[in-house]
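Novice: Quick one, what's the 3D model for this:
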Amino acid sequence: MYPLRSALLFGLAFAAVTALYVGAQTGGPRVCVANVSNASAVPAMVERLSERLAKDLVKNKIDALSMSSTTTLDPELHPTSDSGEEASSKECDYILLTQIYSKRPLTAQGTEPGISLGTRVPSVDASDPLGGNSGPVYRKEMEVKFAVFRLGRPDAMLDSYILERSSANVSDSFVQAMDREASRVSHELKKKKH
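Specialist: This is a model prediction of the structure:
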């Protein structure tokens with residue numbers, strides 16, 4: 001019984017020291033991640049994407065917290081008074097805003113889907129497999145805009161976007177974009193530390 005108790009205490013002490021070490025390793029700024037907003041007509045699981053983005057940042061050794069505030073639907077990203085207050089109460093140094101935005105879809109010939117030039121009309125159904133009986137699918141090209149703001153400053157420290165095609169599977173749409181966004185934000189924040 002005594003050796004088991006010692007092993008348990010050692011395990012708990014080791015876990016506590018490891019947690020402190022990981023916290024000291026990040027030692028950088030804290031980022032509050034606002035919920036992703038969807039300014040497009042394409043369905044997206046924004047709660048799942050927001051959670052994925054925050055987890056990816058933590059995996060990249062960035063001190064990141066999810067917020068209940070949502071990114072604005074305005075064309076130009078900017079913090080709102082709600083997101084600013086929440087980030088301040090969570091003692092964050094930065095706010096990360098993310099928005100999904102529709103770009104105009106084009107076919108291989110450079111025309112919009114649905115415009116037929118003497119050929120079969122392509123399917124615009126996102127669930128139709130590529131090259132199916134109804135012809136090729138032209139999924140909308142989407143833009144995932146994101147911006148990082150230092151708390152209390154109106155200008156973005158990082159303002160960028162990622163091009164992504166919406167997936168036929170709604171649960172998979174934009175997951176890779178969140179991974180790429182987290183990688184880019186992590187890189188920029190780590191540059192600021194040095």
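Novice: for residue 49, what are its contacts?
Specialist: 36, 98, 174, 175, 178 (Cβ atoms under 8 Å, 6 or more residues apart in numbering). C-beta: built from backbone N, CA, C; applies to glycine.
Novice: same thing but 10 Å
Specialist: Applying Cβ atoms under 10 Å, 6 or more residues apart in numbering, we find residue 49 in contact with 35, 36, 38, 98, 100, 144, 173, 174, 175, 177, 178, 181.
Novice: residues near the first one, how many?
Specialist: The burial metric for residue 35, expressed as a neighbour count using other Cβ atoms under 10 Å, is 21.
Novice: how many neighbours does the nearest residue in space to residue 103 that is not next to it in sequence have?
Specialist: Spatially, and ignoring its direct neighbours in sequence, residue 103 is nearest to residue 141 (4.6 Å; Cβ to Cβ, 6 or more residues apart in numbering). Residue 141 has 14 neighbours, counted by other Cβ under 10 Å.
Novice: what bridges to residue 141?
Specialist: residue 165 (DSSP bridges).
Novice: Packing partners of the host helix or strand of residue 87?
Specialist: Using DSSP states H and E, residue 87 sits in helix 81-89. Contact partners of helix 81-89 among helices and strands, from 3 or more Cβ pairs under 10 Å, 6 or more residues apart in numbering; DSSP states H and E: strand 30-35, strand 63-70, strand 94-102, strand 141-150.
Novice: mean confidence score for stretch 159-174?
Specialist: Average pLDDT, stretch 159-174: 81.
Novice: Now do the end-to-end distance for it.
Specialist: 18 Å (Cα to Cα, to the nearest Å).
Novice: before we move on, what about stretch 159-177?
Specialist: 15 Å.
Novice: And the helices in the chain?
Specialist: 2-26, 46-59, 81-89, 175-193 (DSSP state H).
Novice: Quick check, pLDDT for residue 62.
Specialist: 96.
Novice: just checking, it touches residue 184?
Specialist: No. If you go by Cβ atoms under 10 Å, residue 62 and residue 184 don't touch, sitting 11.6 Å apart.
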